[in-house]
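Asker: Sequence and predicted structure are below.
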Amino acid sequence: MVLAMLLALVCPTALSAQDNEQTAWGYGFQVGVGGMLPTSSLGDDFKGCAVFVGGLQGEWHNLRLKADVTYGQPSFKNDNPYAVLDVQGRDAQLNGTASATLLGGAVQLGYTVLRAGKVSVTPCAGVFFNRVSWDLNDISWEKDDNGVEQPVISDVTDVHENSVSWMASVDVDIRLHSRFIDAPLGSGTARYNSSLRISPFIAHASYSNLSPAVKGNFIGVTVSYSGLVQMLGY
């Protein structure tokens, strides 16, 4: 929000130039792809991955409220994240899948600080919920025909870790095309804007049940198609 205030002071002309076109409110969606990397101790257990994102958005003048769902499959750096060992110090648990499933949801509030031609910039911040889940194998060690000890799976358990924290992003929207539409909600007139949205982001997460516990940030960027129906202002 400090960034929004600074840009609003630096770029008052860019905002006021749109006063005649300013719409009261709008609604729409976005869908896209991207990538993210874990930082700090999160990076000790997980690798980066591609992500898919989709969600809904609403706007009121320069305010933007958006709710997004993120899906990815980060692979592991640590095969035994719960650090369970047998009496001889060998791994007694191992990940049963090559990658975890990450499902996240974010609700963010943003403020458009710049409108210049076909480009707008909207910093956003809000709450980030996420869950990573995967299969975990309980194992024992048995000797094969050659006398070499090999891990043998005795049980498979579905495990998951949850985190509720914060997320911040910046939406850079580049308008692709715009057209007027009649009666989108049964009456009135609106304008449909389609945009290419580039959104660098940072999202915090912590998983306290792992041993050792890990926390850090997911940093990344998504590229999305955004469609917005803007009701004409007064």
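Answerer: It's in.
Asker: residue ranges of the helices in this protein, please?
Answerer: Ranges of helices in the chain, per DSSP state H, are 2-10, 12-16, 42-45.
Asker: what helices or strands is the last one leaning on?
Answerer: The elements that helix 42-45 packs onto, with contact taken as 3 or more C-beta pairs under 8 Å, 6 or more residues apart in numbering; DSSP states H and E, are strand 189-207, strand 214-231. Bear in mind the C-beta positions are built from the backbone N, C-alpha and C, glycine included.
Asker: quick one: which of these is nearest residue 69?
Answerer: Nearest to residue 69 among the helices and strands packed on helix 42-45 is strand 214-231; the distance by C-beta to C-beta comes to 11.8 Å.
Asker: List the strands paired with that closest one, with their directions.
Answerer: Strand 214-231 sits in its sheet next to strand 25-38 (antiparallel), strand 189-207 (antiparallel), going by DSSP bridges.
Asker: May I see the helices and strands packed on helix 42-45 arranged in CSV, with mean pLDDT and distance to residue 173 as well?
Answerer: Rendered in CSV, the data for those read as follows (pLDDT from 0 to 100; distance: least, C-beta to C-beta, whole Å):
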stretch, mean pLDDT, distance to residue 173
strand 189-207, 94, 4
strand 214-231, 95, 6
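Asker: can you tell which of the ones you listed is closest to residue 76?
Answerer: For residue 76, the closest of the helices and strands packed on helix 42-45 is strand 214-231, at 11.9 Å, according to C-beta to C-beta.
Asker: quick one: the closest one to chain centroid distance?
Answerer: Put simply, strand 214-231 sits 6 Å off its chain's centre (C-alpha atoms, centre = their mean, to the nearest Å).
Asker: And stretch 138-147, by the same measure?
Answerer: With C-alpha atoms, centre = their mean, you get 42 Å for stretch 138-147.
Asker: and the end-to-end length of that stretch?
Answerer: With C-alpha to C-alpha, to the nearest Å as the measure, stretch 138-147 spans 21 Å from end to end.
Asker: that older thread, the helices and strands packed on helix 42-45: which one's closest to residue 52?
Answerer: Closest approach to residue 52 among the helices and strands packed on helix 42-45 is made by strand 214-231 (8.8 Å; C-beta to C-beta).
Asker: dump the residue contacts of the most centrally placed residue in the chain.
Answerer: Centroid-nearest residue in the chain, with C-alpha atoms, centre = their mean: residue 70, separated by 4.8 Å. For residue 70, the contacting residues are 51-53, 102-106, 130, by C-beta atoms under 8 Å, 6 or more residues apart in numbering.
Asker: before we move on, what about residue 216?
Answerer: 38-43, 204-206.
Asker: List only buried entries from these.
Answerer: Buried by 16 or more other C-beta atoms under 10 Å: 38, 41-43, 204-206, out of the contacts of residue 216.
Asker: In CSV: the helices and strands packed on helix 42-45, plus distance to residue 59.
Answerer: Shown next, in CSV, are the helices and strands packed on helix 42-45 (distance: least, C-beta to C-beta, whole Å):
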stretch, distance to residue 59
strand 189-207, 10
strand 214-231, 7
